[in-house]
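> Need coordinates for the following:
(chains A, B and C)
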Amino acid sequence: MRPVALLTDFGLTDHYVGVLHAVLEKHAPGVVRIDIGHLVSPGDIWAASFQLRCAWPSLPAGCVVMAVVDPGVGTGRRALALAIGKRFLLAPDNGLAAAIGPASEAVRLDWRSMGLERPSRTFHGRDLFAPAAGHLARGDGLDALGDEIDAHLLVACPLPDPEPLSHGYDATVLSVDRFGNLVTNVPASSVGAASTVAWSHDGEARLVRAYGEGDEGEVVMLEGSSGLLELAVNGGSAARATGLARGSAVRITNLDGDD
Amino acid sequence: MRPVALLTDFGLTDHYVGVLHAVLEKHAPGVVRIDIGHLVSPGDIWAASFQLRCAWPSLPAGCVVMAVVDPGVGTGRRALALAIGKRFLLAPDNGLAAAIGPASEAVRLDWRSMGLERPSRTFHGRDLFAPAAGHLARGDGLDALGDEIDAHLLVACPLPDPEPLSHGYDATVLSVDRFGNLVTNVPASSVGAASTVAWSHDGEARLVRAYGEGDEGEVVMLEGSSGLLELAVNGGSAARATGLARGSAVRITNLDGDD
Amino acid sequence: MRPVALLTDFGLTDHYVGVLHAVLEKHAPGVVRIDIGHLVSPGDIWAASFQLRCAWPSLPAGCVVMAVVDPGVGTGRRALALAIGKRFLLAPDNGLAAAIGPASEAVRLDWRSMGLERPSRTFHGRDLFAPAAGHLARGDGLDALGDEIDAHLLVACPLPDPEPLSHGYDATVLSVDRFGNLVTNVPASSVGAASTVAWSHDGEARLVRAYGEGDEGEVVMLEGSSGLLELAVNGGSAARATGLARGSAVRITNLDGDD
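Residues are numbered from 1 along each chain as shown, chains lettered A, B, ... in the order given. Model prediction:
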C-alpha cells in the first residue's frame, strides 16, 4: 500500500486533522500516514506551497500527498489529483496544486467516480481528498478518481521566482522558520564560490556553511536544508536581527565580484 | 487489531502524549494510532466532549477511543470503558464518558483485572487508560478490564442542548475553531429551507452553503462539517466580527417565517 | 522491525518534522514511529534531556530514540549512537547524548559507513540521524553506523542533581509543564513518610497523593508521574502561584523532622 502524507491549515486545536487520519484509516486500513504539517496559517497558499516544495524530495516514492489549504471549499474551485514523477498530489486548484511542477497526468476529483456519498460543502478534506487518497493508497490509478483534465492549465502557484541581476538576484524571503532563519528563493548554487554577499542596500553577510560558524549576533548567509540561501543568526533569530519577514524583498549580490 | 484514537488535554510541549503512544505500542505492538487532538485546554471537559462528538462518526468501526481530560485523576472519580455502537470509549466519569450517548455495556477499569502494576495517582493515561486501550486493541472484551457498572448512571456531559422557540432556538456557541467559525448546538436541518436567520437581537445572517459564498467581512451562517449551524466570515473570523465566544448565548430565528 | 521515537526542537510550524518521518519511512518502510515531542525551545538541551529521561522508561524494548536538539549541526560536535539497556539513543554529543546514563556501546555516526550521500551541513536530522535510525530499525547493529568511541567520554548533561541537606535537599525546578506543575529534581522516595514539606524559606506545602486533593489555590507537593517531587495547584498553576520557573532553586525540607 502507498503511504499518505498530509499538509493542511487545519491547526492542531480542533479535531479536523484527527478526522482526516480516521478517514484515511477507514478507506485504507493500516495505511502509513505522515504529517508534513498542519499549522499553515488559515488560507495561506504561499506557505503551504513552500512547505510542500521543501518536503517533496524527502517523501518516499509512490507517496500520496494530500495538501489541503482550501478557502474556496464548496465553491467552483476544482479539487485535483496529479501524478508528478513517482508521487501523487491531491490539492485544490488554487495555486497549491501547481506548487511542485508539471504533472504527467491530472484528473478532477469526482465523488461519483469514487462511489462516495455527496460531499459536504465545508469539509472536502474529509469527504473528498481523504477518500481519494485512500483509493490511491490502495493502488488505484488516477482514472478511478475522476475525469482527466489538462495538467498545464492550473491556477499558478504564488511563490515568486528570483530575478537575476548582473551580479546577483532580486530575491524574496519565502519563509521564516521556527529558528528565525530567513529562507530566500535563491538557490545556493547561484552564488558560486562567493565568500561574502550583500543581502540589501545596507546589509552584508559572510557566506558560511553551518549555523554554528556565525559569531554571536552575526547575520550570516548559508545554504539551508532545501538548497536555498538563507540568512541566519547562530543561536538567535535573523528575522529579529534584520526586521525582514515573509515576503520581504532582498537583493543578494556577490561582493567578491567573481560570480 | 483494533485502531486506537487519542484525545487529551496533555498539550504538545511535554512528553505526556509521546508516553501514551509508547505505552500503546508496548501493550499492542503495531497498533494503529490516531490523534484526535491534545490541545484541549487543561481540564476543559466541554471542549473535549465537543471534539469527541464531532470526530466520532468519522472513526473506523471497532475503534478504541481514549479520551483523557482528567483533573480528578487519582481521586474517587471512576475510570470507565464503554461499548457504544461498534466503537469503544475509555474516559473518566466526569462528563466526558457521557459525551457520545448511551452505551450498551460499561465497566469500571480495574488494574487488578488487567494484571497491571498499581497505577500512579497522577498519570492514569499512562498507567490505566493506555494499557486498557491496548487490551481492547488486541481483541479483549470489556469484561477483561474490570467490573460491569450501570451504563445509565454516568456524570452528565456539560454540553448544553438548544432550547426550541416558536420560530427558532435559544442556542449556545459550542466551539470557536481555528478559522474563527462559531459552531452552535443547533442542527442545520432545524432551519429547513430558510434563507436568512437572525442570530441575536441585533445580528442577522444569510444562510449560505460554502464559506466562499460570503462577501468580504460578511457574517454568514451555514451548515458546518458536523451538521451544526455555524457563523463564519469568508477569509476572516466570525469570532472577531461578532465578539461571541465559546459558551455565548445566541438566539437563532428563521426570518423567512416558513419554519 | 524496531520502533523509532523522535524528540526534537524543530517545532510544528515548518516541514522539518514531517521530513524526518518521511525519511524514516523511506529507509525502513512500515516502521512504527512515535513522537515524544517537537516543541522543545530552539537549542534547549536541558528541556530535551528532561523529556528524554521522563519518557525513556515508557518506551518499548528495542526502541530507537532520535533526540535531535542540535545547535552545533555541521560543526565539529559528534553525532552519536548509543546502546543503553535494551534501547538505542541517537543524539548529538552536546549533553543530550548523556541524558540517560551509561551506554554499553557507543559509535560516532559516519555517513560513509552507512553508504549515505554526504550530509548537508544544516539538517543532520534528515541526512544522518534519520537514516541511522532506519538502519537500527531494520535490525543493524551499532557497528554498521560508524566507528566505536569511548562511551564514558561524552559532553555532560546539563540537568543538575539535587544537593542533600541534613533534613532535605537544595533542589532545582527541572520543568514547568502545561498544567503549571513545577517538577523538581528530587525523587519522591527521598522525603519518606513526611506529611509537610517546606519548599523555600517562606513556603510550605502539604504532601498529597493526587492533584485533586489540593484545596482551591493551595500549593501542594506530590509525587509526579516520573517519581519526582512536584509543586502543583489543583485546577490552577503552581508556576503562577509561586513565581518559580524552570531552573529556580528550591530548598525542600521535611518539616516533620522524621526523615
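> Could you tell me which strands sit next to the worst-scoring helix or strand of chain A on mean pLDDT in the sheet, and their orientation?
Within chain A, no helix or strand scores below strand A:196-198, which has a mean of 82 by mean pLDDT, DSSP states H and E. Its sheet considered, strand A:196-198 pairs with strand A:204-208 (antiparallel), strand A:249-254 (antiparallel) by DSSP bridges.
> buried sites along the helix or strand just after the shortest one?
Counting by DSSP states H and E, the next helix or strand C-terminal to strand A:204-208 is strand A:219-223. Neighbour counts over strand A:219-223 (16 or more other Cβ atoms under 10 Å in any protein chain shown) mark A:219-223 as buried. No exception for glycine: its C-beta is placed from N, CA and C like everyone else's.
> Next: stretch A:98-116.
A:98-100, A:103, A:106-107, A:109, A:111, A:113-114, A:116.
> what does stretch A:49-68 give?
For stretch A:49-68, by 16+ other Cβ under 10 Å, it's A:49-56, A:58-60, A:63-68.
> restrict those residues to contacts with chain C.
With the criterion set as Cβ under 8 Å from any Cβ of the partner chain, the members of those near chain C are A:51-52, A:54-55, A:58-60, A:63.
> Including distance to residue B:6, secondary structure and pLDDT, could the residues you listed go into CSV?
Shown next, in CSV, are these (distance: Cβ to Cβ, whole Å; DSSP: H, G, I helix; E, B strand; the rest coil; pLDDT from 0 to 100):
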residue, distance to residue B:6, secondary structure, pLDDT
A:51, 25, helix, 98
A:52, 27, helix, 98
A:54, 28, helix, 98
A:55, 25, helix, 98
A:58, 26, helix, 98
A:59, 25, coil, 98
A:60, 25, coil, 98
A:63, 25, coil, 98
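> can you map out the strands along the stretch 1-150 of chain A?
For the stretch 1-150 of chain A, applying DSSP state E, counting those that start in this stretch gives strands covering A:4-8, A:33-37, A:64-68, A:79-84, A:87-92, A:105-109, A:146-148.
> And the residue of the stretch 1-150 of chain A that's closest to chain C?
residue A:36 (3.6 Å; Cβ to the nearest Cβ).
> The residue in the stretch 101-250 of chain A positioned nearest to chain C: neighbour count?
The stretch 101-250 of chain A approaches chain C most closely through residue A:210 (2.9 Å), counting by Cβ to the nearest Cβ. Using other Cβ atoms under 10 Å in any protein chain shown, residue A:210 has 21 neighbouring residues.
> ok, the nearest residue to it once chain neighbours are set aside - contacts?
Distances taken as Cβ to Cβ, 6 or more residues apart in numbering or on different chains put residue C:74 closest to residue A:210, at 2.9 Å, once the chain neighbours are dropped. Residues in contact with residue C:74, defined by Cβ atoms under 8 Å, 6 or more residues apart in numbering or on different chains, are A:209-213, C:120-122, C:124.
> Any chance of a PyMOL selection covering the buried ones in these?
Applied in PyMOL, the following selects the buried portion of the contacts of residue C:74 according to 16+ other Cβ under 10 Å:
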select buried, (chain A and resi 210+211+212+213) or (chain C and resi 120+121+122+124)
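> out of the contacts of residue C:74, which one sits closest to residue C:7?
For the contacts of residue C:74, the closest approach to residue C:7 (Cβ to Cβ) belongs to residue C:124, at 14.6 Å.
> In space, what's closest to the closest one - neighbours in sequence excluded?
Per Cβ to Cβ, 6+ apart, closest to residue C:124 is residue C:73, 5.0 Å.
> Confirm for me that the residue of the stretch 101-250 of chain A closest to chain C is in contact with residue A:223.
No: between residue A:210 and residue A:223 there is no contact under Cβ atoms under 8 Å: 9.8 Å.
> so what's in contact with those two at the same time?
C:121-122.
> Let's have the contacts of residue C:74 in a markdown table, adding distance to residue C:235.
Listed next are the contacts of residue C:74 as a markdown table, based on distance: Cβ to Cβ, whole Å:
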| residue | distance to residue C:235 |
| --- | --- |
| A:209 | 51 |
| A:210 | 47 |
| A:211 | 42 |
| A:212 | 44 |
| A:213 | 48 |
| C:120 | 47 |
| C:121 | 48 |
| C:122 | 44 |
| C:124 | 43 |
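> With pLDDT and distance to residue B:186 added, can I get the contacts of residue C:74 in a markdown table?
Converted to a markdown table, the contacts of residue C:74 look like this (pLDDT from 0 to 100; distance: Cβ to Cβ, whole Å):
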| residue | pLDDT | distance to residue B:186 |
| --- | --- | --- |
| A:209 | 93 | 60 |
| A:210 | 95 | 57 |
| A:211 | 95 | 53 |
| A:212 | 94 | 57 |
| A:213 | 94 | 60 |
| C:120 | 95 | 53 |
| C:121 | 95 | 57 |
| C:122 | 95 | 52 |
| C:124 | 97 | 53 |
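> Out of the contacts of residue C:74, which two sit at the greatest distance?
The widest separation within those (Cβ to Cβ) is 14.8 Å, between A:213 and C:124.
> quick one: contacts for the residue lying closest to residue A:143 once chain neighbours are set aside?
The shortest distance from residue A:143 to any non-neighbouring residue, by Cβ to Cβ, 6+ apart, is to residue A:107 (6.9 Å). The neighbours of residue A:107, taking Cβ under 8 Å, 6+ apart as the test, are A:80-81, A:142-143, A:145-149.
> where exactly do the helices run in the stretch 101-250 of chain A?
A:124, A:130-137, A:238-242 (DSSP state H, counting those that start in this stretch).
> who in the stretch 1-150 of chain A is up against chain B?
Counting by Cβ under 8 Å from any Cβ, the stretch 1-150 of chain A sits next to chain B at A:9-19, A:21-23, A:25-26, A:29-30, A:42-43, A:71-75, A:77, A:120-123, A:126.
> Okay, and which of those map to helices?
Counting by DSSP state H, the residues of the stretch 1-150 of chain A next to chain B place A:16-19, A:21-23, A:25-26 in helices.
> would you turn those residues into CSV with pLDDT and neighbour count?
What follows is those, written out as CSV (pLDDT from 0 to 100; neighbours: other Cβ atoms under 10 Å in any protein chain shown):
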residue, pLDDT, neighbour count
A:16, 98, 26
A:17, 98, 22
A:18, 98, 24
A:19, 98, 27
A:21, 98, 25
A:22, 98, 25
A:23, 98, 21
A:25, 98, 23
A:26, 97, 18
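> quick one: the residue nearest to the residue of the stretch 1-150 of chain A closest to chain C when sequence neighbours are not counted and residue A:27, what's the gap?
Closest residue to residue A:36 apart from its sequence neighbours, by Cβ to Cβ, 6+ apart: residue C:18 at 3.6 Å. From residue C:18 across to residue A:27, the span is 21 Å (Cβ to Cβ, to the nearest Å).
> Could you do residue A:256 as well?
Taking Cβ to Cβ, one finds residue A:256 at 55 Å from residue A:27.
> These two: who's more crowded?
Shown here are residue A:256 and residue A:27; by other Cβ under 10 Å, residue A:27 has more neighbours (20 against 15).
> ok, back up a step: my guess is the residue nearest to residue A:36 meets residue A:38, correct?
No: with contacts counted by Cβ under 8 Å, residue C:18 stays clear of residue A:38, the gap being 9.7 Å.
> that older thread, just send the strands of the stretch 1-150 of chain A back as a markdown table, with mean pLDDT too.
Converted to a markdown table, the strands of the stretch 1-150 of chain A look like this (pLDDT from 0 to 100):
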| stretch | mean pLDDT |
| --- | --- |
| strand A:4-8 | 98 |
| strand A:33-37 | 98 |
| strand A:64-68 | 98 |
| strand A:79-84 | 98 |
| strand A:87-92 | 98 |
| strand A:105-109 | 98 |
| strand A:146-148 | 98 |
